[in-house]
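# How does the following fold in three dimensions:
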Amino acid sequence: MDFFEAIEKRYSHKERFSPKPVPLADLELIAKAGLAAPTGMNSQCVRLILLPDREAVAPLCDVAPTDGMLTAPAAIALLTDKLVQKGTVNFEMEDYSAAATQMLLAATALGYSSLWLDSPYFDAEKQREAIKVLGALPNHHLRVVLPVGLPDNEMKRREKLPFEERVSYSKFGKLS
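Residues are numbered from 1 along each chain as shown. Next up is the predicted model:
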């Protein structure tokens, strides 16, 4: 699948996944795509934990049971290391956003579905529990979990507003 096709086909899969396993080599390719993302001042604060099977994914379901996580055959937990910064500048948000986006596109390009799952971990107690379950250090922050797998049924991306309604030229509101 070419790059623009992957962009066009990517959607947030919020339903059940097929139980078919995701080969570790594919999870590693997805992870490598995320780690190849640009980082602020090359700080590289993103850390990944590959959850290659249901046994590895299940403990996170106890913390935040969502439809996708309850059936995902694999997942990738994306954390940031709060101690990694350049001077007084911290690029955690930008770095993890770029990494997650590239991993979502890589998953789509490989024929999988995924979801940017972050809201359960906004809760401080769930954040602490998830960090403990993952065996991460106190200086880590769980930002996103990407369940990865084949959809249990064919899903399609939601319709986007037309290009012309979202893009201006030279100044806001100018159509050409």
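# Which parts of this protein are strands?
Taking DSSP state E, the strands of the chain run over residues 46-51, 74-81, 113-114, 140-149.
# Please identify the most buried of those strands.
Across the strands of the chain, averaging neighbours per residue (mean count of other CB atoms under 10 Å) puts strand 113-114 on top, at a mean of 27. Yep, even glycine has a C-beta here, placed from its N, CA and C like the rest.
# Figure out how far that one is from the centre of its chain.
Its chain's C-alpha centre and that of strand 113-114 lie 9 Å apart, by CA atoms, centre = their mean, to the nearest Å.
# Now do that strand: everything it contacts.
11-13, 17, 103-104, 107-108, 146-151, 155 (CB atoms under 8 Å, 6 or more residues apart in numbering).
# Apply 10 Å and report the result again.
When contacts are defined by CB atoms under 10 Å, 6 or more residues apart in numbering, strand 113-114 is touched by residues 9-15, 17-18, 30, 68, 72, 74-76, 100, 103-108, 145-152, 154-155.
# Could you pick out which of those are located in helices?
Counted as lying in helices by DSSP state H, out of those, are 9, 30, 68, 100, 103-108.
# Looking at these, which is nearest residue 136?
Set against residue 136, the nearest of those by CB to CB is residue 100 (16.7 Å).
# what about the nearest residue to the closest one once chain neighbours are set aside, distance to residue 9?
Spatial nearest neighbour of residue 100, excluding adjacent residues (CB to CB, 6 or more residues apart in numbering): residue 144 at 4.9 Å. Taken as CB to CB, to the nearest Å, the spacing of residue 144 relative to residue 9 amounts to 20 Å.
# Then residue 48?
Here residue 48 is placed at a distance of 23 Å from residue 9 (CB to CB).
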